[in-house]
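Participant: Structure of the sequence below:
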Amino acid sequence: MATFEEQTACVVEALFSDLLGEDESVCRSLETDSGELVQSAAQPPTSFDPVVIASRLRRMGDQCNMDFERVSSEALAEVLKGKMEKFSAAVDFLIRRWSDQNPELGYERAFLCISVKLMIHVAKKVPAKVHPNQLITMINGNSQVRNYIEACGGWENLDN
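Facilitator: Predicted coordinates for the structure are as follows:
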């Protein structure tokens, strides 16, 4: 069984693959996925499918209806120009702002929604500046988000 960090890397890579359209034949949506995974006889059955989970993350990101171009934040302005070293600070700022408007969302869901949505937005604007490792590191490095995902039963049980 893969570690949380390895699973996170698989999920984020699948998200980027879908986002950048690198292999559209592999991408599936939750509506068209039967949920049945093909397993070899040597492998125990698993419900971990990074493509399906990436689709769930993308849907979570779609819940964020912020217009990043109209939000006033120095860190966000830097990120929108491709300065990804400010990505974490921009996400933290946006979580506070979005949580004020959507108090029913917990920090962990807001983190996932905003970080995915902002990463997608920046990837469309300045694709050369965005790399999967940036999001992988943020998720793996946030113990609160990791604990939330593990409390759901792992990535495969993260729903939207």
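Participant: Mind listing what's buried along stretch 115-124?
Facilitator: By 16 or more other Cβ atoms under 10 Å, the buried positions in stretch 115-124 come out as 115-123. In short, each C-beta sits where N, CA and C put it, glycine included.
Participant: Now for the spatially most central residue of the chain: which residues touch it?
Facilitator: Taking Cα atoms, centre = their mean, the centroid of the chain lies closest to residue 116, which sits 4.0 Å from it. Contact analysis of residue 116 by Cβ atoms under 8 Å, 6 or more residues apart in numbering lists 15, 57-58, 60-61, 64, 135.
Participant: With respect to residue 21, which of those is nearest?
Facilitator: residue 15 (12.1 Å; Cβ to Cβ).
Participant: and that closest one, how many neighbours does it have?
Facilitator: 26 (other Cβ atoms under 10 Å).
Participant: on that earlier part again, export the contacts of residue 116 to JSON lines and tack on secondary structure, distance to residue 71 and pLDDT?
Facilitator: Formatted as JSON lines, the contacts of residue 116 follow (DSSP: H, G, I helix; E, B strand; the rest coil; distance: Cβ to Cβ, whole Å; pLDDT from 0 to 100):
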{"residue": "15", "secondary structure": "helix", "distance to residue 71": "23", "pLDDT": "94"}
{"residue": "57", "secondary structure": "helix", "distance to residue 71": "21", "pLDDT": "94"}
{"residue": "58", "secondary structure": "helix", "distance to residue 71": "21", "pLDDT": "94"}
{"residue": "60", "secondary structure": "helix", "distance to residue 71": "19", "pLDDT": "93"}
{"residue": "61", "secondary structure": "helix", "distance to residue 71": "16", "pLDDT": "93"}
{"residue": "64", "secondary structure": "coil", "distance to residue 71": "11", "pLDDT": "90"}
{"residue": "135", "secondary structure": "helix", "distance to residue 71": "19", "pLDDT": "96"}
